[in-house]
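Q: coords please:
(one chain, ligands or ions: 2)
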Amino acid sequence: MTPAPPRTWRIIDLIKWGEDYFKSHNISNARRELEWFLGYILDLKRIDLYLQFEQPLSKAELNTFRSFVMRRIKGEPFQHIIGIAPFYGRDFKVTGAVLVPRPETELIIEILKKHGRAGSVLEIGTGSGCIAITVLLENLADTVIATDVSKSALAIARENAERHKVSQISFRHHDFLQDDISSSFDVVLSNPPYIGTDEMSGLQPEVRDHDPPAALTDGADGLNFYRRFARQRAILNTGGCMLLEIGGEHQVPELEKIFQPAIFSLKFHKDHLGIPRVAEIR
Ligand code: SAM
Ligand code: GLN
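A: Numbering: from 1, shown residues only. Ligands and ions are numbered 1, 2, ... in the order given. Now for the predicted structure:
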């Protein structure tokens, strides 16, 4: 009797097998994540994975795939495993030093598109740089200053700016809660740490154990950055606006107290899930 040939795993077999395996571990976006893994390992675009779906993986590629799958089911986000995260259709480098960009944050870009091009933009807490860099790549501003209190986050943001060949951006090390800002801008953007200390334990392990804590929480009630923005309103030029990401419905009444109607006009934009996600302040 001739022995059975060793089992070869083709792209299509791994996608099918992985989809079931991930789903049995409650990973909802299974197919998309497998495409990211295979695309990364084989250096193929998503479409090419399907054009070449009969291509078998080498032993080494298969080992890498297996180790990625094991890390993923242990709760590591796929973006940390491959070191890349998509934002507004582009890839950004991520490490443990930065928050993984979230799809809901793309709403800030959508709102800016409706407003039309701005002159000067300030972004507070740039992390991977995904917002600031996208603003320039989408031609939504002349110049951008982007800050972060974390030097290691700024290093990643600078790498991402280089990767996307964006030069009209100036990255600054700055603590928004401590240090004043002396210039003013047409648009001020931020996705600040807005999770309250008491909400941290309720986060998904993917978020809680892998995003930097200082990117998630202000170490208080999640509202400190909004209070500071209200006090720092001189950073807006006349007619300018702030677009600040918020945590959802539960923060709306608090924001209405912080940005008092006698001084500010306040409006909320909903994300793709219908959740109030961005506060527009004038
Ligand atoms: N802009 C990125 C995004 O949307 O994916 C990252 C947002 S993350 C939720 C918040 C960022 O604020 C982190 O990069 C964190 O380092 C930064 N940060 C935290 N405290 C800060 C402070 N006091 N001053 C400036 N930036 C701060
Ligand atoms: N949106 C992030 C989450 O879902 C939190 C980011 C932030 O605090 N700004 O955990």
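
Q: How about stretch 274-282 and ligand 1, touching?
A: No: counting by Cβ under 6 Å from any ligand atom, no contacts exist between stretch 274-282 and ligand 1, the nearest distance being 11.3 Å. Yep, even glycine has a C-beta here, placed from its N, CA and C like the rest.

Q: Revised request: answer the last question for stretch 266-273.
A: No: counting by Cβ under 6 Å from any ligand atom, ligand 1 has no neighbours in stretch 266-273; the shortest distance is 13.1 Å.

Q: got a list of contacts for that stretch?
A: 103-104, 107, 111, 246, 252, 255-256, 259, 276-281 (Cβ atoms under 8 Å, 6 or more residues apart in numbering).

Q: of the residues you listed, buried ones?
A: With burial judged by 16 or more other Cβ atoms under 10 Å, the buried subset of the contacts of stretch 266-273 is 104, 107, 111, 246, 255, 259, 276-281.

Q: if we can go back for a sec, helices - which of the contacts of stretch 266-273 land there?
A: Mapping the contacts of stretch 266-273 onto helices (DSSP state H) picks out 107, 111, 252, 255-256.

Q: Skipping its backbone neighbours, what lies nearest Ser167 in space?
A: Once flanking residues are discounted, Ser167 sits nearest to Ala161: 7.6 Å by Cβ to Cβ, 6 or more residues apart in numbering.

Q: what's the most distant pair in the buried ones among the contacts of stretch 266-273?
A: Greatest spatial distance in those: Glu104 and Phe259, 20.6 Å, computed using Cβ to Cβ.

Q: Can you list phi and psi of the closest residue to His25 other than its chain neighbours for me?
A: Excluding its sequence neighbours, the residue lying closest to His25 (Cβ to Cβ, 6+ apart) is Ile73, at 4.7 Å. Backbone torsions for Ile73, taken as degrees, to the nearest 10, come to phi -70, psi -20.

Q: just checking, Ile73 touches Ala30?
A: No: using Cβ atoms under 8 Å, Ile73 is not in contact with Ala30; the gap is 10.9 Å.

Q: Let me know the helix or strand that Val69 is in.
A: Using DSSP states H and E, Val69 sits within helix 59-73.

Q: For that helix, which helices and strands make contact with it?
A: helix 11-24, helix 30-42, helix 78-82 (3 or more Cβ pairs under 8 Å, 6 or more residues apart in numbering; DSSP states H and E).

Q: if we go to 6 Å?
A: helix 30-42, helix 78-82 (3 or more Cβ pairs under 6 Å, 6 or more residues apart in numbering; DSSP states H and E).

Q: and the longest one, which residues are buried?
A: By neighbour count, with 16+ other Cβ under 10 Å as the criterion, the buried positions of helix 30-42 are 30, 33-42.

Q: Now the element after it, going C-ward?
A: By DSSP H and E, the next helix or strand past helix 30-42 is helix 46-51.

Q: List the contacts of that next one.
A: Here helix 46-51 makes contact (Cβ atoms under 6 Å, 6 or more residues apart in numbering) with 11, 35, 38-39.

Q: for the residues you listed, which one is nearest ligand 2?
A: Ligand 2 lies nearest to Glu35 out of those, by Cβ to the nearest ligand atom, at 22.7 Å.

Q: Can you read off the pLDDT for the closest one?
A: As predicted, Glu35 sits at a pLDDT of 96.

Q: if we can go back for a sec, export the helices and strands packed on helix 59-73 to TSV and tack on distance to ligand 1?
A: Converted to TSV, the helices and strands packed on helix 59-73 look like this (distance: least, Cβ to the nearest ligand atom, whole Å):
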stretch	distance to ligand 1
helix 30-42	18
helix 78-82	11
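
Q: Looking at the ones you listed, which is nearest to ligand 2?
A: Comparing the helices and strands packed on helix 59-73 by Cβ to the nearest ligand atom, helix 78-82 comes nearest, at 12.9 Å.

Q: packing partners for that closest one?
A: Short answer (3+ Cβ pairs under 6 Å, 6+ apart): helix 78-82 packs on helix 30-42, helix 59-73.

Q: Show the average pLDDT along it.
A: 96.

Q: residues in contact with it?
A: Contact partners of helix 78-82, identified using Cβ under 6 Å, 6+ apart, comprise 33, 36, 40, 68, 71-72, 85, 94, 100, 210.
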